[in-house]
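> just need the structure, nothing else, for what follows:
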Amino acid sequence: MEGYDDILAPRRQGLDISFALQKKEDLPEYKYVHHQLPKQFKEEVLKSQRLRHTIDQVSSESGRSKEELMEEAKQIVEEMGHAFTMKNIRVLGYLFPKVYRRLYDHIYINREGIDKLHNCMKETPVILLPSHRSYIDFLLMSYIMYHYDLPMPYIAAGADFMAMKFVGTILRKAGAFFMRRSFGSDQLYWSIFTEYVQGMIISGQSPIEFFLEGTRSRTGKFLPPKLGLLRVVVEPFLNGKLWDVNLVPVSMSYDRTLEELLYSREMLGIPKPKESTSGLIKARSILNDNYGNITVHFGEPISLRKLSTGRLDRSIHNLKPRFIFSLSDEEQEFVRDMAYTTQLQQIKYMVVSPWILCASLIMQKTQQGTSFDELCKDAEWLKGVVVSLGAHVYWPTGRSVQSIIKSALQVHHPIARVTKQKQVVLSLPSNPLGNTEATTQMRSKAEVMEDATIYLALASYRNQLIPPIIQAAVVATAFGGFGKTSRDDLFSNYQFLVKLLSFEFTFHPATTKEDFRIMLRKFETNFIVTGSDAAIEITQQGRSTMSFLAQVLQPFLLGYWFVCHYLMNVPDVMEPLTRARLGKDIQSVVAGCIADGDLFEYDLLSLNLLGNAINAVVEFRGLNRVRSTIPSITPNNGNGTHKEVLGLDQKEVGRIAARIGEFVQLPVKLLSRPLMIEKARQTAKL
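Got it, this is the predicted structure:
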């Protein structure tokens, strides 16, 4: 790849022990760096004014002694803190090349991004913000830093990794610091965590690494950015402790994700295995398979100082103690804007592989099927379309289309393969021979759910295409199946779809009108649409492009419509609705519809999609949050616990369904018969 280094190439020739033991001198260092050992840093956290103030406050409110609270604080700091040692990094530097060579063909890194990061580290503290798709992300970043002679990052990791004996210790010694998944209103924990993270940033010893999405995306899409850690990062800049901080978005693209089928099962509601060392050992069979390439793009550093110039007045904090801090409304909005700006930069440089193109095409032809030759032809066409829309496509040079697509199918053999008749078929558990007629036969729900693991795995790769082209897909869908409409009607439809799908995809809240204008202009430049404000029309040459783009969003819109359809048929006698139970109930109905041949879109079995659809209906006020007391079934637990239930407004849900129906082809069979809701609920309980 032009402009990218393959950092595995040297490891296929040189000795791993030489790589691990290489001298690390003249690393770029922050000009105001303050070096400390992990033990010294923990002691400073425990002595901090912020922690002393919090202990005084909590002691006064709770009646607990300050000594007791300080002991708890010491335990939290020990639980949280990293224990970075270069010796541990060198051991990993010896082992990791062996693992990566077994798993991957190439690991590509953009050289320009590394050069900019190198220079940036000398001037300001740096926050590395990678996209998050796999467990591999954690230490791949460290491996890249080691390869390029850059300071090793301190990594924010979930506390559940501490339960993994041996692995938890390795991560801690590699620079991981651990945070609880949720610590809500725990003032003591918040105070320690804030002081610990900000102390690392201010000292400037190493970059801080954390995931803006909070957790791994199981669907191939981006999760909405989490703002909590960003607020912690921004505070020392806003209160004047730091002149500037640079955020570096990192886009990590995988040809094939190690956890692809595990993620599918999680989306179906099958609990993920608990993180454990034994589980990691059992998973060593993955070393016998090929996972293609990884492409990592280090984006342009985002300066907090430049981003905030003219927007924020930091002097409002001058008269307050620096350890007592709260963000103003304007600063909260700044953090949110910064989060979306960063995530959109991550999306911009995600790489679309040939397999992602194939998965997108196969998903649109799961019923009729496709031949290998047809797939090759369509993939080459689609490559041109997505490149024209600004997406970055990895397409090997010097090879035929057939060779490229064949290699992609070989890497993804657990999902799809080519038969002797040169037909591309899915590797379905219920149809191991790839009989195309078998897909239309009546099946049991159990078979449907088993096959769904393959369909959702395929969908997860299709989903990776959508974020870079989401604006184009929404504008195409906004035509509502008509080839001609007015600009005002098109924008009205666009606004509705952006709001509807905002739980599904990343849209910057402040740029809706500008995004629409830019996308429409791009379509006009590429001769996909033409016309004036009164009438915008899809051109003859743009029809295939617009048809594909609109089709990409059809499974999501159908899923949202189905949720509304279910709610419109819910009997009045049913028990109170909760989000989790509602999702499982709807999933059971969907499985029944697929088993009966009334529905063919396996996407609708994803609890992620159903959950996002429920959130959207809440946003449009078809469902309303109600605080309710759920009766307790546990002895000595009072009268019950408060839990959110959802109040249903079927009239409003009907309006939402009708609006969605303007943009999606609805299944005729579902419109002509009632949903078997009660039967499905009984099945879901089992």
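
> max-length helix in the protein?
Determined from DSSP state H, the single longest helix within the chain is helix 445-478.

> secondary structure element holding the closest residue to residue 38 other than its chain neighbours?
Here the nearest residue to residue 38 in space, its sequence neighbours aside, is residue 83; by Cβ to Cβ, 6 or more residues apart in numbering that works out to 5.4 Å. Glycine gets a C-beta too; all of them are placed from N, C-alpha and C. Secondary structure here is read from DSSP states H and E; on that basis residue 83 sits in neither a helix nor a strand.

> report the contact partners of residue 83.
Contacts for residue 83 were tallied using Cβ atoms under 8 Å, 6 or more residues apart in numbering; they are 38, 172-173.

> ok, residue 516 next?
Residues near residue 516 by Cβ under 8 Å, 6+ apart: 471, 475, 491, 494.

> which ones are touching residue 24?
So residue 24 contacts 86, 149 (Cβ under 8 Å, 6+ apart).

> roughly how far does it sit from residue 484?
In this structure, residue 24 and residue 484 are 63 Å apart, going by Cβ to Cβ, to the nearest Å.

> residues in contact with the one helix or strand residue 670 maps to?
Mapping residue 670 onto the secondary structure by DSSP H and E places it in helix 668-671. Taking Cβ under 8 Å, 6+ apart as the criterion, the residues outside helix 668-671 that touch it are 562, 565, 593, 597-599.

> only the buried residues of that helix, if you could.
residue 670 (16 or more other Cβ atoms under 10 Å).

> can I get it in PDB? Just the C-alpha atoms.
Once side chains and other backbone atoms are set aside, the C-alpha atoms of helix 668-671 remain, and they are given as PDB (Å, rounded to 0.1, in the frame of the first residue of the first chain):
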ATOM      1  CA  VAL A 668     -46.800  -8.400   2.300                       C
ATOM      2  CA  LYS A 669     -47.300 -11.600   4.300                       C
ATOM      3  CA  LEU A 670     -46.700  -9.700   7.600                       C
ATOM      4  CA  LEU A 671     -49.300  -7.100   6.700                       C
END
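
> distance from that helix to the middle of the chain?
33 Å (Cα atoms, centre = their mean, to the nearest Å).

> just stretch 37-54 next, same as before
With Cα atoms, centre = their mean as the basis, the mean position of stretch 37-54 lies at 34 Å from the chain mean.

> that one: end-to-end distance?
With Cα to Cα, to the nearest Å applied, stretch 37-54 spans 25 Å between its terminal residues.

> what comes up buried for that stretch?
38, 41-42, 45, 48, 50-52, 54.

> list the contacts of it.
With contact meaning Cβ under 8 Å, 6+ apart, stretch 37-54 is reached by 36, 70, 73-74, 77-78, 81-84, 187-188, 191-192, 194-196, 199-200, 203, 321, 323-324.

> try 6 Å
The list of residues contacting stretch 37-54 from outside it, by Cβ atoms under 6 Å, 6 or more residues apart in numbering, reads 77, 81, 83, 187-188, 191, 195-196, 323.

> got it, and stretch 496-504?
Stretch 496-504 is contacted by residues 474, 477, 507, 512, 556, 612, 615-616 when judged by Cβ under 6 Å, 6+ apart.

> again, but for stretch 409-422
Stretch 409-422 is contacted from outside by 256, 290, 292, 355, 371-372, 424-427, 434, 454, 457-458, using Cβ under 6 Å, 6+ apart.

> just stretch 236-245 next, same as before
Identification of contacts with stretch 236-245 by Cβ under 6 Å, 6+ apart yields 124-125, 198, 202, 303-305, 314, 317, 322, 325.

> is the spatially closest residue to residue 189 that is not a sequence neighbour in a helix, a strand, or coil?
Using Cβ to Cβ, 6+ apart and skipping residues adjacent in sequence, the residue nearest residue 189 is residue 183, 4.4 Å away. For residue 183, the secondary-structure state derived from DSSP: H, G, I helix; E, B strand; the rest coil is coil.

> count the residues that sit near residue 183.
One way to gauge burial is a neighbour count; for residue 183, by other Cβ atoms under 10 Å, it gives 16.

> thinking again about what came up before, filter the contacts of stretch 236-245 down to just the ones in strands.
Among these, the subset assigned to strands under DSSP state E consists of residue 303.

> gap between residue 522 and residue 471?
Applying Cβ to Cβ, one obtains 9 Å for the distance of residue 522 from residue 471.

> picking that back up, tabulate the contacts of stretch 236-245 (JSON lines), appending distance to residue 139.
Output for the contacts of stretch 236-245, formatted as JSON lines (distance: Cβ to Cβ, whole Å):
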{"residue": "124", "distance to residue 139": "25"}
{"residue": "125", "distance to residue 139": "22"}
{"residue": "198", "distance to residue 139": "24"}
{"residue": "202", "distance to residue 139": "25"}
{"residue": "303", "distance to residue 139": "28"}
{"residue": "304", "distance to residue 139": "27"}
{"residue": "305", "distance to residue 139": "31"}
{"residue": "314", "distance to residue 139": "36"}
{"residue": "317", "distance to residue 139": "37"}
{"residue": "322", "distance to residue 139": "34"}
{"residue": "325", "distance to residue 139": "33"}
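
> by neighbours, which of the contacts of stretch 236-245 wins?
By neighbour count, taken as other Cβ under 10 Å, the most surrounded of these turns out to be residue 125 (27 neighbours).

> so what's it up against?
201, 204, 245.

> spatially, what comes nearest to residue 598 if we skip its sequence neighbours?
The shortest distance from residue 598 to any non-neighbouring residue, by Cβ to Cβ, 6+ apart, is to residue 669 (4.2 Å).

> run a quick neighbour tally on the closest residue in space to residue 529 that isn't next to it in sequence.
Once its chain neighbours are removed from consideration, residue 529 has its nearest residue in residue 523; the separation is 4.4 Å (Cβ to Cβ, 6+ apart). The number of residues packed around residue 523, counting by other Cβ under 10 Å, is 24.

> how close does the residue nearest to residue 598 get to residue 202?
In this structure, residue 669 lies at 62 Å from residue 202, with Cβ to Cβ as the measure.

> buried residues, the helix or strand where the residue nearest to residue 529 lies. List them.
The secondary structure element spanning residue 523 is helix 512-525 (assigned by DSSP H and E). If you call a residue buried by 16+ other Cβ under 10 Å, then helix 512-525 has these buried ones: 515-516, 519-520, 522-523.

> where does pLDDT dip in the stretch 501-650 of the chain?
Within the stretch 501-650 of the chain, the ranges that satisfy pLDDT under 70 run 572-574, 627-642.

> tell me the buried residues within the contacts of stretch 409-422.
256, 292, 355, 372, 424-427, 434, 454, 457-458.

> kindly reformat those residues as a markdown table containing pLDDT.
Formatted as a markdown table, the entries for those read as follows, by pLDDT from 0 to 100:
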| residue | pLDDT |
| --- | --- |
| 256 | 97 |
| 292 | 97 |
| 355 | 98 |
| 372 | 97 |
| 424 | 96 |
| 425 | 95 |
| 426 | 95 |
| 427 | 94 |
| 434 | 61 |
| 454 | 97 |
| 457 | 97 |
| 458 | 98 |
